[in-house]
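[1] Return a 3D structure for these sequence lines:
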Amino acid sequence: MSVAETIKAKLTAELSPISLDVNDESAKHAGHVGARPEGETHFHVEIISQAFRGLSRVERQRLVYKVLSEELSGPVHALSIKATPPAE
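    This next block holds a predicted model:
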């Protein structure tokens, strides 16, 4: 399973998102620290989930980091996150 697929699977299992988009942006960071030639090091995640209701932006990001802690301590060098609750 690719890193992107793992990220999608874990976020889906833990946060039951209404919407989830995981983009591998590694090509934009080629030659930067932490980048590997095979990619899958830099990601952007946009996620909408009820799990974020009532949480601050920082708390939402921390929740995503917690779910992806294994990936962030291994293959993922950088992760940008847009995590929001559904609009009311």
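[2] shouldn't His44 be in contact with Glu25?
    Yes: in this structure, His44 is within contact of Glu25 by C-beta atoms under 8 Å, at 5.4 Å. Where you see a C-beta, it was placed from the backbone N, CA and C, and this is true even at glycine.
[3] Mutual contacts of the two, please.
    Listed as contacting both His44 and Glu25 by C-beta atoms under 8 Å, 6 or more residues apart in numbering are Ser80.
[4] which stretches of the protein form helices?
    3-15, 57-67, 69-72 (DSSP state H).
[5] Alpha carbons of the last one, in CSV - could you do that?
    Translated: helix 69-72. Output of helix 69-72 as CSV, limited to C-alpha atoms (Å, rounded to 0.1, in the frame of the first residue of the first chain):
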residue,chain,number,x,y,z
SER,A,69,1.9,9.6,14.0
GLU,A,70,3.5,6.5,12.6
GLU,A,71,3.8,8.0,9.1
LEU,A,72,5.1,11.3,10.4
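[6] Go ahead and flag the most central residue of this protein.
    The chain has Val45 as the residue nearest its centroid, 4.3 Å off, counting by C-alpha atoms, centre = their mean.
[7] tell me the contacts of that one?
    By C-beta under 8 Å, 6+ apart, the residues touching Val45 are 7, 11, 20-23, 64, 79-83.
[8] go with 10 Å
    Contacts for Val45 (C-beta atoms under 10 Å, 6 or more residues apart in numbering) come out as 4, 7-8, 11, 17, 20-23, 61, 64, 68, 79-83.
[9] Kind regards, and thank you for your time.
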